[in-house]
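[1] Coordinates only, no sequence provided:
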């Protein structure tokens, strides 16, 4: 996991060509004018962005997710949320792996809690199980997020 400001993302270039392309696209800034929900291709299936509106949720309503084939770069565009992150070992599978996502329950408290706000970014690797979209202050609120999917 990398937690950074968006402006600091270029320091993490060099970890892979697709990640470099994703960071370059973020720094170009064209995403700032994108208003629709849905998928925006950047480099075919190697790098694409998903834009979404949702209400944050209570932790009891959120499950951990993992991805085996890609990196997530999560950026909140509006609102605030908590993202719980931990290594994916010892998780209990709740919904089996389908289309590069697996939803899981966590049996203990070996997690890190990250506050995600506009201007921040979380880079989540396959070993980083994450439970996003949780209400920052315990009260669900509207959020808008961009998630870049970066093929390994």
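    That came through fine. This one's a predicted model, so the numbers in the text were calculated from it and none came from an experiment. Numbers count the residues shown, from 1 in each chain.
[2] and residue 140, that's in a helix?
    No. Residue 140 sits outside any helix when classified using DSSP: H, G, I helix; E, B strand; the rest coil, being coil.
[3] Residue 5 contacts residue 122, doesn't it?
    No. At 11.2 Å, residue 5 does not count as touching residue 122 under the criterion of CB atoms under 8 Å. (Glycine included, C-beta is placed from N, CA and C.)
[4] higher neighbour count, those two?
    It is residue 122, of residue 5 and residue 122, that has more neighbours when counted by other CB atoms under 10 Å, with 21 against 9.
[5] For the more buried one, name its beta-bridge partners.
    Beta-bridge partners for residue 122, by DSSP bridges, are residue 3, residue 74.
[6] Tell me which residue is most central in this structure.
    For the chain, residue 74 is the residue whose C-alpha lies nearest the centre (CA atoms, centre = their mean; 3.3 Å).
[7] what about residue 35, how many residues close to it?
    Residues lying near residue 35 (other CB under 10 Å) number 8.
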